[in-house]
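Participant: have a look at this prediction, sequence included:
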Amino acid sequence: MNKLKTRGQLVVISGPSGCGKDTVVKEVLKTNKDTWLSVSCTSRAPRPKEVDGKDYYFLTKEEFIEKIDKGNFLEFAEYAGNYYGTPKDVIEEKLEAGIDVILVIEIQGALKIKEKLDDTIFIFILPPSMRELKKRLDGRNTETKEAMFKRFQSAYQEINTVNKYNYVVINDEVEEACKKVNAILISERSRVDRIEETFLNSLEEEIHEILVELN
Ligand code: ADP
Ligand code: 5GP
C-alpha cells in the first residue's frame, strides 16, 4: 500500500538570464534520479555547442507557429524576440511514473502554468548580485551586446515577479543551490495533502484493533 501519493511534481524554475538556471538544474538531474527536464521548443538560433533535441528543439518561427495552432504547447511565450514553448506530450507520462518534471521557463510562461496547474512548485533562482550575473554572462560568451541589453531589460520585470513564486534559491555556489532545490522537492513530497486516504484508514483500523486488545 502506498502511504503517500507517488505522482511526480511539476516544478517551474525561473530567474534572470545568466543566473545559473541551466547549471543548477543539470546538477539536480545528476544528483536526483527522480527528476526529468522537459526539453522546450524555441525559434532562437542554437548557440555553439547546443544540440537539437537535447538543449532545445530548434524550430523556425513558422514551424513554431504551426505547433501553437495545433495546440502542442502546455505554455509558450515570446522572450527577447524569440518564441519559447513547453511541449505537452511526455509530461503526463513522467508525472504518472512518479518523476518530478522540471520546466526551466521565463516568467510569462510560469504565470500561465500557475493559472492552469496551481499545484505546481515555483522556484525562483537569483544571482548573488547583478554584477556577478553580468560577469557570468560575459564568461558564457553567448550573447551579442544587443541580446545582452534585452536580457537585462527583462531582468527588471523578472525580479519584480519573484513574489509570485513559492521559493527562492540564491545561486552563490552551484552545489549549495542544487542541494536547496533538492531539499524543496523532498519537503514538497511530505505535504499532508499527499497522504493516501487508504493509509490513514489503515492506521485507524489498527487503533481500533489495539484498543480492543487493551480493553
Ligand atoms: P541561465 O540558464 O540562467 O541563463 P547558465 O546556467 O547558462 O544560466 O549560467 C550562466 C553562466 O554562469 C555559465 O557560464 C555558468 O557556467 C556560470 N555559472 C552558473 N552558476 C554559477 C555559480 N554558482 N558560480 C559561478 N558561475 C556560475
Ligand atoms: P535562453 O535563450 O537563454 O536559452 O532562454 C531564454 C529564456 O527563455 C530563459 O528564461 C528560459 O528559461 C526561457 N525558456 C526556455 N524554454 C522555455 C519555454 O518552453 N517556455 C517559456 N515560457 N520560457 C522558456
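Facilitator: Arrived safely. Ligands and ions are numbered 1, 2, ... in the order given.

Participant: top helix in this structure by residue count?
Facilitator: Longest helix of the chain, by residue count under DSSP state H: helix 197-214.

Participant: what is the mean pLDDT for that helix?
Facilitator: Helix 197-214 shows an average pLDDT of 98 in the prediction.

Participant: just stretch 64-77 next, same as before
Facilitator: Across stretch 64-77, pLDDT averages out at 97.

Participant: next one: stretch 5-14
Facilitator: Predicted confidence along stretch 5-14 averages 98 (mean pLDDT).

Participant: now it: buried residues?
Facilitator: Neighbour-count burial for stretch 5-14 flags 5, 8-14 (criterion: 16 or more other CB atoms under 10 Å). All C-beta atoms are positioned from the backbone trio N, CA, C, and that covers glycine.

Participant: make a markdown table out of these and add secondary structure and distance to I121.
Facilitator: Formatted as a markdown table, these follow (DSSP: H, G, I helix; E, B strand; the rest coil; distance: CB to CB, whole Å):
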| residue | secondary structure | distance to I121 |
| --- | --- | --- |
| K5 | coil | 14 |
| G8 | coil | 11 |
| Q9 | coil | 6 |
| L10 | strand | 7 |
| V11 | strand | 5 |
| V12 | strand | 7 |
| I13 | strand | 9 |
| S14 | strand | 12 |
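
Participant: what is the most widely separated pair among these?
Facilitator: Comparing every pair within the buried residues of stretch 5-14 by CB to CB identifies K5 and S14 as the most remote, at 25.5 Å.

Participant: what about whichever residue of the chain sits closest to ligand 2, distance to ligand 1?
Facilitator: With distances taken as CB to the nearest ligand atom, the chain approaches ligand 2 most closely at G109, which sits 2.3 Å away. According to CB to the nearest ligand atom, to the nearest Å, G109 stands 15 Å off from ligand 1.

Participant: that's all I had, so thanks and see you.
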